[in-house]
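Colleague: Below: sequence and its predicted model.
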Amino acid sequence: MLAWSARRLAGAVVLVVLVALGSALVAQLVPGDARDLLAEGTRRGASARAPDPAASPWRWLAGAARGDLGQSLKYRQPVAALIAERIPRTLALTVSGVAIQLLVGLGAGLVLAARRGKWYDGPLSSTLYVLDAVPAFWLGIMLILVFAVQLGWLPISGTTGDPFAERTLFEELAERARHLVLPALTLGLGGAAVIARFLRNSLLDALSSGFVLAARAEGIPERRVVLRSAFRASLLPLITIFGLSFPGLLGGAVIVERVFGWPGIGDLAADAVFSRDVPVIMGTNLMFAVLVVAGNLVADALYAAADPRIRLGRSER
Amino acid sequence: MRGGPRLIAGALLVGILVLSGAVGPLLLAPAARGEIGAQSLEPPSRSHLLGTDNLGMDVLERLLLGARTSLLVACLAVLGATLIGASAGLGAGLLGGLADTAVMRTVDYASAFPQVMLVIFLSTLWGEGSVPVVVAIIAATTWMSTARLVRAEVLSLRETELLAAAVASGASRLRAALAHLLPNVMGVVIVAATLRVGNAILLETSLGFLGLGLPEETPTWGRMILDGWRQLRSAWWIATFPGIAITLATVGFNLLGDGLGDAQRIRRRRG
């Protein structure tokens, strides 16, 4: 178990370093105007010793290792500070998105498999098929249109209400939760459709297999057969799907943050593209790589928890 | 090849979209065409079925013109990604050893990264794009799954008599691979490519929505949604209809891909 963890962790670190190196090298190719801007920023004394990514990828990498990602051209602040300020918001959004993805996805998948052939099987399955194809940014806009503009139930954008209003801690939390609902739904629903469709199919496969027949023959109640025997068999591929969905989820966060004016690192990155703020682009890029790798590690750990063969190091083929 | 319901529905949907993109703009009555500065932000009416946008342009006309761009970019991007991915996978599977490791590590590395971030990163490099640039960006970020798929297929076919027989009868390994392996891999590749078109449409429109991608004057679905998002309180129709178009197009290509896959499985089972 320890050797397995160490190997996974080492691989993750190597991947992050490679991404960092890759983005530093690619930043060298940024067209001239951006580099002029960068040079100008340095000349104006924004930061004399800020690593200039266009000048030396190695210096930037060395700086990044110390937690120094250089100076933003637009904000005239250290990139690391900009990211640190925004990362809790991105994490809050992504974690709630994952929660919705799992809750809705697992719920719908289980219902569809357990109640197969009911009248709602067809319509619900078709809805999931279409939901998978809906672009997240448009889904977000439509949710805003219905729940914020038309019905006025939820706020249009931002992370919290009027900053000058007096609120108790509880009211503040409620206000933040209200602001989180639509962005989290936008981010999670697409992935939920993928998980639900997959779970339905794999549960239906499992339900027609021998071990489920045996469980039924023993007189185990149907609910337990579905939840214990069949669900267990679908668990491993489900974790794989979940792990694979992680990069897409973070990519989705970029767009969702844009739509809902949610000041996280995705919004920072998209904004940096317009102002050609190369240090910020490289810094956020690195941050995304770290988040993806961390997500993959979580998926790996879940995998090991679910499958003793991996935990005991007998997975080598 | 007999098609299932998914194949038929998908082919119909994609056919209608391609057709309306191709001839739709020509069929619009001159009166239905928008005029810059004429009647901006008109709700859907008999003269403008889907309303007009903030510049007074007809949303239906922009939508039909956008179908051309979005479908063209998506299909070309998938073609590019398939060519890159198939050659990489074919090379890795046939050569094995170091080449295999190098290709597959690159694939792992590239697919561990959020596609949207890669696309954003690349568009910074190339600036505001023309069609070839956007196609290249999307192809460069989506070839990995095809490489994985083709490599797996090649590995499973490499050890069969198929290749050995060709080599034994005097063909070079390269010739044997191209003439005998490739046709066997084609089926899965076509199915996978069809399924990727929807994803490419989503990427292209996301890029347009972020204001990257194609220049502002080019009518694209993503750009229309960006415009509509800015006018959401006063004109719901601008953002709503392009999104429906994107969803229909993506569903169409997904159905077509799934349908082709079904048909292939049936044919294989029959032998």
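Modeller: Yes, it's here.
Colleague: you'd agree residue A:178 is up against residue A:155?
Modeller: Yes. Proximity of residue A:178 to residue A:155 meets the contact threshold set by Cβ atoms under 8 Å, at 6.2 Å. For the C-beta atoms, the positions are set from N, CA and C on the backbone; glycine is no exception.
Colleague: neighbour count winner among those two?
Modeller: Set residue A:178 next to residue A:155 and count neighbours by other Cβ atoms under 10 Å in any protein chain shown: residue A:155 wins out with 20 against 14.
Colleague: Assumed the more buried one was part of a strand.
Modeller: No. Under DSSP: H, G, I helix; E, B strand; the rest coil, residue A:155 sits outside any strand and is assigned coil.
Colleague: I'd like the next helix or strand past the top helix by length along chain A.
Modeller: If you go by DSSP state H, chain A has its longest helix at helix A:169-207. Per DSSP states H and E, the first helix or strand lying C-terminal to helix A:169-207 is helix A:210-217.
Colleague: where are the low-confidence patches of the stretch 1-150 of chain B?
Modeller: Along the stretch 1-150 of chain B, segments meeting pLDDT under 70 span B:1-3, B:28-38, B:47-48, B:56, B:112-114, B:124-128.
Colleague: I misspoke; the intended subject was the stretch 1-150 of chain A.
Modeller: A:1, A:28-55.
Colleague: where along it do the helices fall?
Modeller: Assigned by DSSP state H, counting those that start in this stretch, the stretch 1-150 of chain A shows helices spanning A:2-27, A:32-43, A:57-65, A:79-114, A:121-131, A:136-143.
Colleague: For residue A:246, which of these is the nearest?
Modeller: helix A:79-114 (8.5 Å; Cβ to Cβ).
Colleague: show me what contacts residue A:283?
Modeller: A:69-70, A:79-80, A:82-83 (Cβ atoms under 8 Å, 6 or more residues apart in numbering or on different chains).
Colleague: on that earlier part again, of all the helices of the stretch 1-150 of chain A, which gets the most neighbours per residue?
Modeller: helix A:136-143 (a mean of 24; mean count of other Cβ atoms under 10 Å in any protein chain shown).
Colleague: what about residue B:208, how many neighbours?
Modeller: Neighbour count of residue B:208, defined by other Cβ under 10 Å: 28.
Colleague: how near is it to residue A:246?
Modeller: Relative to residue A:246, residue B:208 is positioned 25 Å away (Cβ to Cβ, to the nearest Å).
Colleague: same deal with residue B:204?
Modeller: 23 Å.
Colleague: nearest to chain B, of the contacts of residue A:283?
Modeller: residue A:83 (13.9 Å; Cβ to the nearest Cβ).
Colleague: residues in the stretch 151-300 of chain A within reach of chain B, list them.
Modeller: Neighbours of chain B within the stretch 151-300 of chain A, by Cβ under 8 Å from any Cβ of the partner chain: A:247-248, A:250-252, A:254-255, A:258-259, A:269-270, A:273-274, A:276, A:278, A:281, A:284-285, A:288-289, A:292-293, A:296.
Colleague: run the last query once more with 10 Å
Modeller: Within the stretch 151-300 of chain A, the positions near chain B by Cβ under 10 Å from any Cβ of the partner chain are A:156, A:190, A:244, A:246-255, A:258-259, A:266, A:269-270, A:272-274, A:276-278, A:281-282, A:284-285, A:287-289, A:291-293, A:295-296.
Colleague: which among these end up buried?
Modeller: A:156, A:190, A:246-255, A:258-259, A:266, A:269-270, A:272-273, A:276-278, A:281-282, A:284-285, A:287-289, A:291-293, A:295-296 (16 or more other Cβ atoms under 10 Å in any protein chain shown).
Colleague: Identify the residues contacting the residue lying closest to residue A:203 once chain neighbours are set aside.
Modeller: Distances taken as Cβ to Cβ, 6 or more residues apart in numbering or on different chains place residue A:113 nearest to residue A:203, at 3.5 Å, with adjacent residues excluded. By Cβ atoms under 10 Å, 6 or more residues apart in numbering or on different chains, the contact set of residue A:113 is A:121, A:196, A:199-207, A:226, A:230-231, A:234.
Colleague: Can you spell out which helices and strands pack onto the host helix or strand of residue B:93?
Modeller: If you go by DSSP H and E, residue B:93 is part of helix B:59-95. Under the contact criterion of 3 or more Cβ pairs under 10 Å, 6 or more residues apart in numbering or on different chains; DSSP states H and E, helix B:59-95 touches helix B:5-27, helix B:97-111, helix B:131-142, helix B:144-158, helix B:173-176, helix B:182-209, helix B:221-230, helix B:236-270.
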